[in-house]
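Engineer: only geometry, no sequence info:
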């Protein structure tokens with residue numbers, strides 16, 4: 001199978017099970033990607049990632065560009081060699097960081113000027129072409145187009161302008177992207193407005209046609225951006241299904257920045273294939289865990305004398321080897337190990353939840369899987 005050729009192995013309603021190849025291995029969906037912003041998943045070693053059966057690890061272009069710098073990553077032989085991870089990787093464009101952080105950012109049709117106020121205050125300019133050059137030099141298997149993500153709530157005319165700029169930049173990214181062993185994902189925008197979502201998907205496909213006519217490659221897949229930017233998840237689901245299915249069936253569909261277990265289960269039902277989020281590691285460091293009984297706060301006094309497993313239905317290394325009482329002790333003492341162990345468990349929980357979702361799709365039983373999850377205590381994950 002050629003790189004990024006997609007095999008749709010099964011469908012169950014709108015849920016799908018896909019397989020596609022990257023230069024660093026096969027990806028099977030539905031799947032969850034741990035976030036390794038700075039070329040590290042916080043508190044998680046590469047050996048643990050392999051034990052968790054992690055597939056794709058996500059890194060952030062903006063942060064790697066700022067530190068250690070593209071030159072050092074390039075000198076190391078690419079981001080995988082730099083961090084000693086031999087599996088598939090994805091870099092997001094860094095656009096979300098520019099637009100969501102206080103960077104004294106100014107955008108024009110050609111690109112964006114910003115100050116790296118969270119680093120050294122230095123001034124930079126990114127265009128889609130510059131961003132593609134950076135991501136190709138970082139060398140992950142999948143690169144994301146540079147887009148403009150607008151928060152919620154926002155006036156529709158502002159969302160429309162942002163969406164237009166994003167599809168225009170998508171075409172420029174296609175024209176600038178030449179690395180043959182790396183796939184480029186376009187990003188659908190449009191906020192919570194269904195008409196803008198549909199137009200965004202249509203414009204991305206028109207951009208792909210023009211790029212192919214010019215001898216360039218098309219998109220290897222599509223991100224679904226502009227969700228999880230401040231809206232309630234129920235608001236997201238008002239448009240997510242139709243917005244997802246507006247994208248081509250023969251490419252992966254990646255819902256960006258979403259990580260609640262129940263949201264993943266619901267989104268797979270709408271046709272989403274891939275997910276990422278910092279939530280499992282961030283909440284782990286805060287002392288909370290996903291479980292078959294819902295979200296658990298290990299600071300709670302009721303766990304002080306509880307010497308049973310963290311989650312009785314989980315077979316991860318943490319649940320096999322440590323009690324709730326001990327994990328609570330680590331959390332209460334602010335011991336580094338507590339956050340590491342809870343992060344490991346949370347990642348395992350999401351990765352294996354998506355493995356179960358895949359098994360349900362392959363058995364054409366996703367609706368039954370979905371209904372069983374929604375009726376379970378595990379759905380209480382907020």
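Structural biologist: Everything's here; your move. Fair warning: this is a prediction, and the values are worked out from it, not measured in the lab.
Engineer: and the residue lying closest to residue 287 once chain neighbours are set aside, what does it touch?
Structural biologist: With sequence-adjacent residues excluded and distances taken as Cβ to Cβ, 6 or more residues apart in numbering, residue 287 is closest to residue 331, at 3.9 Å. Every residue, glycine included, has its C-beta placed from N, CA and C. Counting by Cβ atoms under 8 Å, 6 or more residues apart in numbering, residue 331 touches 287, 298, 299, 338, 339, 342.
Engineer: swap in residue 162?
Structural biologist: 148, 149, 150, 189, 191.
Engineer: which one of these sits closest to residue 39?
Structural biologist: Taking Cβ to Cβ as the measure, residue 39 sits nearest to residue 149 out of the contacts of residue 162, at 22.3 Å.
Engineer: need the contact list for the residue lying closest to that closest one once chain neighbours are set aside.
Structural biologist: Counting by Cβ to Cβ, 6+ apart, residue 149 lies nearest to residue 96, which is 5.0 Å off, once chain neighbours are set aside. By Cβ under 8 Å, 6+ apart, residue 96 lies in contact with 149, 225, 257.
Engineer: Just give me the neighbour total for the last one.
Structural biologist: When neighbours are counted by other Cβ atoms under 10 Å, residue 257 registers 20.
Engineer: Ok, the second one next?
Structural biologist: Other residues lying near residue 225 total 30 when counted by other Cβ under 10 Å.
Engineer: Now it: closest residue in space, sequence neighbours ignored.
Structural biologist: residue 187 (4.4 Å).
Engineer: The one you found: which element?
Structural biologist: Using DSSP states H and E, residue 187 falls within strand 183-188.
Engineer: Let's see if you can find the most crowded of the contacts of residue 162.
Structural biologist: That'd be residue 189 among the contacts of residue 162, by other Cβ under 10 Å, with 32 neighbours.
Engineer: Please report how far it lies from residue 169.
Structural biologist: 10 Å (Cβ to Cβ, to the nearest Å).
Engineer: Ok, residue 69 next?
Structural biologist: 24 Å.
Engineer: Of these two, which one has the most company?
Structural biologist: residue 169 (27 against 11).
Engineer: Pull the contacting residues for the more buried one.
Structural biologist: 128, 145, 146, 147, 148.
Engineer: can you map out the helices along the stretch 151-300 of the chain?
Structural biologist: Taking DSSP state H, counting those that start in this stretch, the helices of the stretch 151-300 of the chain run over residues 156-176, 194-213, 233-237, 240-245, 261-269, 279-285.
Engineer: and the last one, what other elements does it pack with?
Structural biologist: Helix 279-285 sits against helix 336-362, with contacts defined as 3 or more Cβ pairs under 8 Å, 6 or more residues apart in numbering; DSSP states H and E.
Engineer: what element comes up after the helix it packs on heading to the C-terminus?
Structural biologist: Immediately after helix 336-362, counting by DSSP H and E, sits helix 366-374.
Engineer: neighbouring contacts of that next one?
Structural biologist: In contact with helix 366-374 (Cβ under 8 Å, 6+ apart) are residues 12-13, 15, 261-262, 265-266, 268-269, 356-357, 360, 379.
Engineer: Between helix 336-362 and that helix, find me the angle.
Structural biologist: 150 degrees (axes from the mean of the first three to the mean of the last three Cα atoms, to 10 degrees).
Engineer: Show me which positions of helix 366-374 end up buried.
Structural biologist: For helix 366-374, burial by neighbour count (16 or more other Cβ atoms under 10 Å) applies to 366, 369, 370, 373.
Engineer: chain center to stretch 179-188, what's the gap?
Structural biologist: The chain centre lies 15 Å from the centre of stretch 179-188; the measure is Cα atoms, centre = their mean, to the nearest Å.
Engineer: which parts of it are buried?
Structural biologist: Quick answer for stretch 179-188 (16+ other Cβ under 10 Å): 179, 182, 183, 184, 185, 186, 187, 188.
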